[in-house]
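Engineer: sequence and predicted structure below; questions after.
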Amino acid sequence: MSESGEEMLSQAHAILDVVAGLENRRHSPAGLGRGWESVNRALEHADSTLRRLVARGQPEPHPDGWVENLKLLTGEVALLRNRILTHNLAMRGDMMHKADRALQLLRAAESEREFSELLPTELVKLGFVRAMYSTVNDMRWVTRSVHTVNGENERELLLRAGQQPPFRELRGLFEYEMIQQGKAMLQQGIRKSPRVHPELIEITESESYVSAPLLAGQIVTGFVSLDVNAATGSVDAFDRDLVGLICGGAGIALERIRALEGITQLHAGIEQSMESMRAIMRGNGVDTLTVKGTDRVRDADFDGVDDSEVLTRRENQVLRLLARGQTNSEIGQRLFVSEGTAKTHVRNILRKLGASNRTQAAEIFRQQP
């Protein structure tokens, strides 16, 4: 928690201790916790108590000025609640900005492995202490990646706990309901619950956590888990909703990655078949083989062609969009890459095709068989 947050929390406990004394009870800071939601609810109760006492007037045997002191304390409660509200809005605004950046990076991931490592890392950057990405295999929990501010040792412990066979059965755990409903969840007071992953909770010693699913189509293929917001010391409904929003976008990004990887594998198979056919044709004394729609653009006579002059699959995608008159920015948006990356692809294409400008490259593309 930040210094200003600690200061507000200390002031809140001081006020709550005074109000508890007025109600002939004891205030327990440990029982209240560090989450702003619980602190705000306690201050709301304190405000109601103080206003009720003020409305009763000056009771015996309290000294003169007692009611005025209560009014001053009521004003302090109102000011503190406003400070907490402003603090939370600023914190949440910052988290929303970071969430947008995280989604941009996830959309730019080029492989499922890169995506898997990025997801928990970017979630921790939002302000959480630790984040975990897991997949669902035949209703079994398999942890894929972990990121934590507590160091490599904790990361290794969590990975090992989530990957030990036989993998933890999801039925009977809170995550099973989340998967059934396809919605993010918030669970509190879970330290001794039998419905949490026992090996993981032994390491984290969490009292609450949020979890959100990643959907591929309508099927939950994975989920993320986070248990501590560093700014509040806990997690609340805002954290749940924010992580749910991110996972919604992350699921779409994961679908795209899997689709592209499937296309890449398909093209690799086609290319391998074409190379076999070329070898057969060369063995029969045939020097050229031109097939419309193949993944690579080659000279008519491909013998001796430098592989560095062959367009890659991504460069072919860029060339098609370039030929349609799209700008670097539009190409980047279409292919989920930055404008700078699109510009680099265009420069490489011009060099490989021997074209002096985009118009000439587009004309070369249109003349392909």
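Structural biologist: In hand now; what should we look at?

Engineer: residues contacting Leu106?
Structural biologist: Applying Cβ atoms under 8 Å, 6 or more residues apart in numbering, we find Leu106 in contact with Phe115, Leu118, Leu119, Glu122, Gly249, Ala250, Ala253. No exception for glycine: its C-beta is placed from N, CA and C like everyone else's.

Engineer: using CSV, lay out those residues together with neighbour count and secondary structure.
Structural biologist: Shown next, in CSV, are these (neighbours: other Cβ atoms under 10 Å; DSSP: H, G, I helix; E, B strand; the rest coil):
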residue, neighbour count, secondary structure
Phe115, 24, helix
Leu118, 20, helix
Leu119, 28, helix
Glu122, 21, helix
Gly249, 17, helix
Ala250, 27, helix
Ala253, 21, helix
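
Engineer: which of the residues you listed lies closest to Trp141?
Structural biologist: Leu119 (16.1 Å; Cβ to Cβ).

Engineer: which SS class is the residue nearest to the closest one when sequence neighbours are not counted?
Structural biologist: Distances taken as Cβ to Cβ, 6 or more residues apart in numbering put Tyr133 closest to Leu119, at 4.8 Å, once the chain neighbours are dropped. The three-state label given to Tyr133 by DSSP: H, G, I helix; E, B strand; the rest coil is strand.

Engineer: strands of the chain, start to end?
Structural biologist: 130-137, 140-148, 168-169, 185-188, 208-216, 219-226 (DSSP state E).

Engineer: weakest of these in terms of mean pLDDT?
Structural biologist: If you rank the strands of the chain by mean pLDDT, strand 168-169 sits at the bottom with a mean of 88.

Engineer: tell me how many other residues crowd the residue nearest to Leu119.
Structural biologist: Neighbourhood size, Tyr133 [other Cβ atoms under 10 Å]: 25.

Engineer: for it, what are its contacts?
Structural biologist: Ser116, Leu119, Pro120, Thr143, Arg144, Ser145, Val146, Gly222, Phe223, Val224.

Engineer: adding distance to Arg324, write those out as JSON lines.
Structural biologist: Listed next are those as JSON lines, based on distance: Cβ to Cβ, whole Å:
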{"residue": "Ser116", "distance to Arg324": "34"}
{"residue": "Leu119", "distance to Arg324": "33"}
{"residue": "Pro120", "distance to Arg324": "38"}
{"residue": "Thr143", "distance to Arg324": "44"}
{"residue": "Arg144", "distance to Arg324": "38"}
{"residue": "Ser145", "distance to Arg324": "38"}
{"residue": "Val146", "distance to Arg324": "43"}
{"residue": "Gly222", "distance to Arg324": "36"}
{"residue": "Phe223", "distance to Arg324": "39"}
{"residue": "Val224", "distance to Arg324": "38"}
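
Engineer: what about those residues, which one has the most neighbours?
Structural biologist: Most neighbours among these, by other Cβ under 10 Å: Leu119, with 28 neighbours.

Engineer: distance of the nearest residue to Thr148 once chain neighbours are set aside from Thr121?
Structural biologist: Nearest non-adjacent residue to Thr148, counting by Cβ to Cβ, 6+ apart: Arg130, 3.8 Å away. Per Cβ to Cβ, to the nearest Å, Arg130 is found 11 Å from Thr121.

Engineer: comparing the two, which residue is more hemmed in?
Structural biologist: Arg130 (24 against 16).

Engineer: contacting residues for Gln317?
Structural biologist: Leu335.

Engineer: report pLDDT for it.
Structural biologist: 89.

Engineer: same deal with Leu16?
Structural biologist: pLDDT recorded at Leu16 is 92.

Engineer: could you do the one 10 residues further on as well?
Structural biologist: The score at Arg26 is 87. That number is its pLDDT.
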